[in-house]
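Q: Generate a structure from the sequence data that follows.
(one chain, ligands or ions: 1)
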Amino acid sequence: MSITADSSRTLAGTPAADATPAVAELDTIVSLAKRRGFVFPSSEIYGGINAVWDYGPLGVELKNNVKRAWWRSVVQQRNDVVGLDAGILMHPQVWRTSGHVGSFSDPLVECGACKRRFRLDELPGAEELTPTQIADPNIVATLALKCPDCGGTLSAPRRFNLMFKTFMGPVEEDASVIYLRPETAQGAYVQHRNVRDAARKKIPFGIAQIGKSFRNEISPGNFVFRMREFEQMELQLFVRPEEDATATFDEWLPRRLEWYRAYGVNPERLRIREHAADELAHYAKRAIDVEYRFPFGWKELEGIHNRGDFDLSRHSAESGENLSYFDPATEQSFIPWVVEAAAGADRAAFTFLIDAYREEEVRGEKRVVLALHPELAPYKVAVLPLLKKRDDLVALAHKIRDGLSREFTAVYDDTAAIGKLYRRQDEIGTPWCICVDVEALDDNAVTVRDRDSMEQERVGIDRLESFFLDKLRASRP
Ligand code: GAP
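A: Numbering: from 1, shown residues only. So this is what the prediction gives:
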């Protein structure tokens, strides 16, 4: 049975129009991210570079954990999916065949007065335009759209190709133009036969890939939501035509939704939205976006696409290689269809970060907590000596941290009083803190504090590793 995407309701069944974002102002997250070392503007000492962000010590841990959680779910736990790490640079013919050279573009308008450029469908008053309206060359005049910066007259829209170009080799000429990939998917299509043969897979099977992609977005923004350099987590499922593609689509959509929910995203801020016929990408037979209620509105988190046989039949025709599959069961050959679950690593990490943000009042004081799922939290455990002037406590705390770090990320901190140290760890999402107090020297036990309940319990030092491993295993979806 086919799933119908009702974008008027959230996954929890509540009206989507009533959904409130986890934080009212995006700035709350942007400033926390910079202050605590999750994300910094790229090349900041030179004034920054628009739409590129660098992940700091905590951000790189968070994003790695998100990628690991995705990989575990779509590769490690599946017997029918294998991994691939294809190059960013590919033969330029790949992008002509895929249709990206011809049609991977956004509608651009330019102000005649200030010369600033905008994406047409992001201008005030044009956000709800349908693809048919966007393609209308008279739309700017019809809607009397003006430059949002200076009020100047805007040009008619023209298509702007989003691919970055560069040159391969020492000669900068047309013949040596190549592209930075705008999606990882094509790597899986052109390697599909090699992977299938080497991994001895039969249709249906899948190829998963995580890697950088690049798009020269006209209007990037909203922090790491839309960047020009970003990371994708894409799963390509190669299936029998038509009915199997429909069934695979219907099987993976709820599975992908459940992944976000299992790692902590509130279902009242998740919904699905079906693409209208005139909105479908050039390759798609059907597409549903998984959307999240960001502080700046409902936006795409991941796309699930039924791509039909577009990719493999085009690559077969253009390369001259036979990419069809001979099915020994039916003794027939066919071009596999592709169902794709295309997610963004940055966008997912950003979503988990926003959705985990809480402000609470504890004994009359504000407490900021990132209630991140333990598997996603940058540090699993913080080891904090109660008295930093006691060398014996400090040495024991270091010894505990070093032991735990064999299994997971653990951090030592003694730069403030214990109450403040707890608050700092709450703010970066560390699920458990260990306080090493004077009694530890006698009873060989420490106090473990839980981030969410703030409850404390005494745990023997020799039991700590298994204590946390058990908790981490129990939390895992
Ligand atoms: N292979 C299909 C494909 O690339 P897409 O919807 O264009 O589909 C998939 O991209 C996902 O990649 C998006 O849902 C989003 O999470 C992420 N993504 C796309 N463009 C992005 C950008 N400029 N910045 C950050 N993430 C982006």
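Q: Around Cys147, count how many other residues there are.
A: The tally of other residues near Cys147 (other Cβ atoms under 10 Å) stands at 19. (C-beta placed from N, C-alpha, C; glycine too.)
Q: Next, give phi and psi for the closest residue to it other than its chain neighbours.
A: Nearest residue to Cys147, sequence neighbours excluded (Cβ to Cβ, 6 or more residues apart in numbering): Cys111, at 3.8 Å. Note on Cys111: its backbone torsions stand at phi -80, psi 130 [degrees, to the nearest 10].
Q: Surely Cys111 is in contact with Thr153?
A: Yes. With contacts counted by Cβ atoms under 8 Å, Cys111 reaches Thr153, the gap being 7.3 Å.
Q: Quickly list what's touching both of those two.
A: Between them, Cys111 and Thr153 have Cys147 as joint contacts when contacts are counted by Cβ atoms under 8 Å, 6 or more residues apart in numbering.
Q: Neighbour count for the two, which is higher?
A: Neighbours around Cys111 and Thr153, counted as other Cβ under 10 Å, are more numerous at Cys111. The numbers are 19 against 14.
Q: Is Leu11 in a helix, a strand, or coil?
A: When the structure is split into helix, strand and coil by DSSP: H, G, I helix; E, B strand; the rest coil, Leu11 lands in coil.
Q: which residues sit in contact with Asp426?
A: Contacts for Asp426 were tallied using Cβ under 8 Å, 6+ apart; they are Arg367, Val368, Val369, Leu370, Arg451.
Q: Which of the residues you listed sits closest to Lys202?
A: Distances from those to Lys202 were compared by Cβ to Cβ; the smallest belongs to Leu370, at 43.6 Å.
Q: thinking again about what came up before, pipe the contacts of Asp426 into TSV and attach secondary structure and distance to Lys34 per row.
A: Formatted as TSV, these follow (DSSP: H, G, I helix; E, B strand; the rest coil; distance: Cβ to Cβ, whole Å):
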residue	secondary structure	distance to Lys34
Arg367	strand	20
Val368	strand	15
Val369	strand	19
Leu370	strand	15
Arg451	coil	22
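Q: Just put those residues in a markdown table and tack on distance to the ligand and pLDDT.
A: Formatted as a markdown table, the entries for the contacts of Asp426 read as follows, by distance: Cβ to the nearest ligand atom, whole Å; pLDDT from 0 to 100:
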| residue | distance to the ligand | pLDDT |
| --- | --- | --- |
| Arg367 | 31 | 96 |
| Val368 | 26 | 97 |
| Val369 | 26 | 98 |
| Leu370 | 21 | 98 |
| Arg451 | 28 | 98 |
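Q: roughly how far apart are Asn306 and Glu318?
A: With distances defined as Cβ to Cβ, to the nearest Å, the gap from Asn306 to Glu318 amounts to 22 Å.
Q: Minimum distance to the ligand, which residue of this protein gives it?
A: Gly344 (2.4 Å; Cβ to the nearest ligand atom).
Q: Can you list the low-confidence ranges for the protein?
A: Counting by pLDDT under 70, the low-confidence segments of the chain come to 1-4.
Q: So which bits of it are right by the ligand?
A: 183, 185, 215, 217, 226-227, 230, 232, 234, 300-303, 340, 342-344, 346-347 (Cβ under 6 Å from any ligand atom).
Q: Show me the residues you listed that map onto strands.
A: Among the residues of the chain next to the ligand, the residues falling in strands (DSSP state E) are Phe230, Gln232, Glu234, Glu300, Leu301, Glu302, Gly303, Glu340, Ala342, Ala343, Gly344.
Q: May I have the beta-bridge partners of the last one?
A: Read that as Gly344. Beta-bridge partners of Gly344, counted by DSSP bridges, are Gln232.
Q: In this structure Ser219 contacts Leu123, no?
A: No. Between Ser219 and Leu123 there is no contact, the gap being 9.4 Å when judged by Cβ under 8 Å.
Q: Tell me, how many residues neighbour Asp278?
A: Using other Cβ under 10 Å as the criterion, Asp278 is surrounded by 11 other residues.
Q: got it, and Leu376?
A: Counted with other Cβ under 10 Å, the neighbours of Leu376 add up to 25.
Q: helix/strand/coil for it?
A: Criterion first, three-state DSSP; result for Leu376: coil.
Q: Straight-line length of stretch 280-296, end to end?
A: Stretch 280-296 has its terminal residues 24 Å apart, counting by Cα to Cα, to the nearest Å.
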